[in-house]
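K.L.:
below are the sequence and a predicted model for it; my questions follow.
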Amino acid sequence: MNPVKGHSDGEELVCPNCDSVKIVTERIDQQFKYGVGNNAVDLQVVIPVRTCLACGLQFTDIEAEDARDIAIRKHLSVYLPDEITAIRENHGLSRQQFSLLTGIGPASLARWESGTLIQNQANDRYLYLLNFEENVTRLRLRTGLQQEGSSPNAGLEQAHVVADRQVETSQCRQFRALKNVRTHRERAASWHLRSGASRS
């Protein structure tokens, strides 16, 4: 059963075989394999299966593909396309502005938001950090890209608070971590005062 091009919400379903609009939909549980070799896993999903009452053809469409895509993304624990779009829009940025600010290529961003490409785990974690305004503020300061309608000093106070916290934390770390502890212990154990050494 090959999937066919889907329909937009509100549009009438049309049979790809006979163009009939007499279509009924049944939602069924489907199990499909994701991955290759030993890393392959079985995922479970509910998909809509269409049946044409005129010619009897059974088919799936983009809605079934979307359901499988969501199952894969949930398995990988990565953001869904709508969630990625929401991260960008919550900061009031166009794709071009978001790309300039973050360094994420506009083509990659467009594919992630449209769902044609699943972002890797590293980029997904970067997107997670971009959920937080203070991280976006830091990027604005570093790149010099200010929010539309804001003054050049917008967000500086918040960034300084974060920076001050980092300074406080770094001041607590007064001692370096000792590497090769065993070697240092052996040297300490074998150390002795040379005989006849004069004291000044």
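P.N.:
Looks like it arrived, so ask away.
K.L.:
show me what the strand or helix carrying residue 82 is packed against.
P.N.:
Per DSSP states H and E: residue 82 is located in helix 81-90. Other helices and strands packing on helix 81-90, by 3 or more CB pairs under 8 Å, 6 or more residues apart in numbering; DSSP states H and E, are helix 106-114. For every residue, glycine as well, the C-beta is placed using N, CA and C.
K.L.:
identify the residues contacting whichever helix or strand comes after the helix it packs on?
P.N.:
Remark: after helix 106-114, the chain's next helix or strand is helix 121-129, criterion DSSP H and E. Contact partners of helix 121-129, identified using CB atoms under 8 Å, 6 or more residues apart in numbering, comprise 76, 77, 78, 79, 84, 87, 102, 104, 108, 112, 119, 135.
K.L.:
then stretch 19-35?
P.N.:
Contacts of stretch 19-35 (CB under 8 Å, 6+ apart): 12-15, 40-55, 68, 71-72, 75.
K.L.:
among these, which are in strands?
P.N.:
Mapping those onto strands (DSSP state E) picks out 41, 42, 43, 44, 45, 46, 47, 48, 49, 50, 51, 52.
K.L.:
out of those, which are buried?
P.N.:
Neighbour counting by 16 or more other CB atoms under 10 Å classes 43, 45, 47, 49, 50, 52 among the ones in strands among the contacts of stretch 19-35 as buried.
K.L.:
give me the nearest residue to the second one, chain neighbours excluded.
P.N.:
Meaning residue 45. Distances taken as CB to CB, 6 or more residues apart in numbering put residue 71 closest to residue 45, at 4.3 Å, once the chain neighbours are dropped.
K.L.:
give me the domain ranges for the protein.
P.N.:
23-76, 81-147+155-161 (automatic domain parsing).
K.L.:
residue 186 is nearest to which of those domains?
P.N.:
Ranking the domains of the chain by proximity to residue 186 (CB to CB) places domain 81-147+155-161 first, at 40.7 Å.
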